[in-house]
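Undergrad: fold the following, please.
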Amino acid sequence: MNGFKLGKWTLQRKMTLLLALFIFLPLVLFGYSFNDSSNAFVAKRTDQETSQVLSLVRQNVDQMLQEYETQLKTIYDNEDVITELGRIDVQNGPQDAGDSETINRFLRNFLRGKEDLDSIYLYSTSGTMYFADFKGSNFFLSEFGQHPEWQKTAEAANGRAVWMPTYELPANRYLPQATHYFLIGMQVKNVADEMQTIGTIYMNVKISALDRLIEEVDVSPHGTLLIADGSGHLLWSRNPEAYGVKLENIPFYKDVLGRRETFSKQELNGEMYRIGYVRSAYNEWNYLALIPQSDLTEQSRDLRQFLLVTLIAFGGSFLLLAWLMSRYITRPVRQMALAMKQMHKDNLQLRLPITSADEIGLLQSAYNSMSDRIKDLIQEVRVISAKEKEAEIRALQAQINPHFVYNSLDTINWMAIEREQQDVSSMITALSDIMRYAIRSGEPWVALEEELKWASNYAYLQKMRFEDRFEITFDADPALLGCKVPRLFLQPYLENAILHGMENVEEGGLIAVTISEDEASGGIRVVLADNGSGIPYDELQEILLRRSKGIGIYNLDDRLKLEFGSEYGVSIRSSPEEGTRIVIVLPRVRDAKDPEFGEE
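TA: Below is the predicted model of the structure:
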């Protein structure tokens, strides 16, 4: 039994297998992972949606209640009513029927055009009642008598508007079925008489006001939305029979409020629920969403079914695509492989049929072109090879021996000395030293002392060239002269300072090179500062963003950061007409053979 040998498979089978592994297996792994996390995903998504719904409901209800509160406070805008209530309070009763009519007319006008307001009642401090209620006052008075806490709550608020729990008004000759209301109460103060209480006003709001805001809101298919006041009285529910229930007596409600968490899990009547909770800062009403775990499970099941169908569909499609793709690609490749075998046997006459205009067709066409020209190419290679050898010989013959150049410069130097041309002699000597230093073979890192000697020669030649329009000074810590530095690292910065910084300087120019220990990194700090024309802001940005052509400026920075770390490198600061300051931070290296020393 030979076993499983992938190397003997055809290219088509290999490609089909690889495409299946790289496409189908990730889908399976994703499906497996998503199946495990679907419950958490559904819970998180449901929490987000529930939180948004509860917040939106709370905002809308708060806005509606605040509008009713604002409308109730318009009683202070009617000076006649306030005046009459104040007079009644003083005299312990109305003076005549006209006083009552003024207040009743205000109450009737107050209700006009307000569909969700059922009735309004105003009690003076003397106990006189005024009202606007199409049903008459008997039904409300009966409820008012059964709830003495309403008056106590309004009195405790001391002039603030407060909302009372929902109550039920039984069916009567005006309303064929029981109706639910929630009540707002507020003490009326005499703003002209030291804010003395002159009455209490109550307004009945139909529960339909909340129905219109909340009834169409769904938190889940079988979820429930509840609103309770700060004392735990149920204010709104889709189930009218639940009105009057005091939630604070139910354990789950106490637990939710005790946790003060937006979401929690609770068991109600033997079924697990996920409960969302938000609290209104306006009136301390609590908004709760009760979502049965069965709804979350159903959503998870739907997601898993959708994912399974999707994986099967995509998996089948990908497998078919993988087979077709491998077949489409490998058939012409097999033909080309056979043709290449014939070419290996020196059969250059075989041509491939071009079956398409895509990349495969281009390969077939290229093969045919290659087959047609292979003989010519071989001959061209031979000719080119011969010419290259000839060119190498000519280049060697034409190469000038550097010693010839040095000897020639030395001869010119002695001629200048004999003719007492000391400036010429000094320049030739400096140039000769510069050339030896620049083209000598050896380590790319040299002692700082050697680099400064080269820089001094370079500075001397430039000063002579520019007729002493500027000075170049060097100040180096003697303790650092033996340290290794990159050879010619100063050249691009000195050249830029001279050619660009001193371009418009006629006299008094200064380029100062200071070398000291860098305290932050422990390396070598090289500062080149000039008082030249500086770099314009736009050009400086081009340099900092590496869009200019100064490759030498960037190379040193890149090399230092790459080999030794981000604390080393080059920084540039410049101001027009003030000069330029370049800071180079080098590693402190004593020996280029040090194991910590990066290779060039």
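Undergrad: you'd agree residue 570 is in a helix?
TA: No: the assignment for residue 570, made by DSSP: H, G, I helix; E, B strand; the rest coil, is strand rather than a helix.
Undergrad: now it. Nearest residue, chain neighbours left out?
TA: Counting by Cβ to Cβ, 6 or more residues apart in numbering, residue 570 lies nearest to residue 557, which is 4.1 Å off, once chain neighbours are set aside. Placement of C-beta: from N, CA and C, glycine included.
Undergrad: what's the burial count for that neighbour?
TA: 17 (other Cβ atoms under 10 Å).
Undergrad: which pLDDT does the model give it?
TA: Per-residue confidence (pLDDT) for residue 557: 83.
Undergrad: assign a three-state SS to it, would you?
TA: Here residue 557 is recorded as helix under three-state DSSP.
Undergrad: so it makes contact with residue 566?
TA: No: if you go by Cβ atoms under 8 Å, residue 557 and residue 566 don't touch, sitting 10.5 Å apart.
Undergrad: ok so, going back, quickly note the distance from the residue nearest to residue 570 to residue 155.
TA: In this view, residue 557 and residue 155 are 80 Å apart by Cβ to Cβ, to the nearest Å.
Undergrad: just residue 355 next, same as before
TA: Taken as Cβ to Cβ, the span from residue 355 to residue 155 is 97 Å.
Undergrad: and the helices in the stretch 51-200 of the chain, which stretches?
TA: All helices of the stretch 51-200 of the chain, identified by DSSP state H, counting those that start in this stretch, fall at 79-91, 97-111, 138-146, 149-157.
Undergrad: chain center to the first one, what's the gap?
TA: Relative to the chain's own centre, helix 79-91 is displaced by 63 Å; criterion: Cα atoms, centre = their mean, to the nearest Å.
Undergrad: with only the CA atoms kept, save that helix in CSV.
TA: What follows is helix 79-91 as a C-alpha-only set of coordinates in CSV (Å, rounded to 0.1, in the frame of the first residue of the first chain):
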residue,chain,number,x,y,z
GLU,A,79,-54.6,87.2,37.1
ASP,A,80,-58.4,87.2,37.6
VAL,A,81,-58.4,83.5,38.8
ILE,A,82,-55.5,84.1,41.2
THR,A,83,-57.1,87.3,42.5
GLU,A,84,-60.5,85.5,43.1
LEU,A,85,-58.8,82.6,44.8
GLY,A,86,-56.9,85.0,47.0
ARG,A,87,-60.1,86.8,47.9
ILE,A,88,-61.9,83.6,48.7
ASP,A,89,-59.1,82.5,50.9
VAL,A,90,-59.3,85.7,52.9
GLN,A,91,-63.1,85.7,53.2
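Undergrad: other SSEs contacting that helix?
TA: Judged by 3 or more Cβ pairs under 8 Å, 6 or more residues apart in numbering; DSSP states H and E, helix 79-91 is in contact with helix 97-111, strand 117-124, strand 179-190, strand 196-206.
Undergrad: let's see that with 10 Å instead.
TA: Packing partners of helix 79-91 (3 or more Cβ pairs under 10 Å, 6 or more residues apart in numbering; DSSP states H and E): helix 97-111, strand 117-124, strand 129-132, strand 179-190, strand 196-206.
Undergrad: ok, the second one next?
TA: Under the contact criterion of 3+ Cβ pairs under 10 Å, 6+ apart, the helices and strands touching helix 97-111 comprise helix 79-91, strand 117-124, strand 129-132, strand 196-206.
Undergrad: now these in TSV, with mean pLDDT, mean neighbour count and distance to residue 458?
TA: Shown next, in TSV, are these (pLDDT from 0 to 100; neighbours: other Cβ atoms under 10 Å; distance: least, Cβ to Cβ, whole Å):
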stretch	mean pLDDT	mean neighbour count	distance to residue 458
helix 79-91	78	18	97
strand 117-124	92	22	96
strand 129-132	91	20	103
strand 196-206	91	21	93
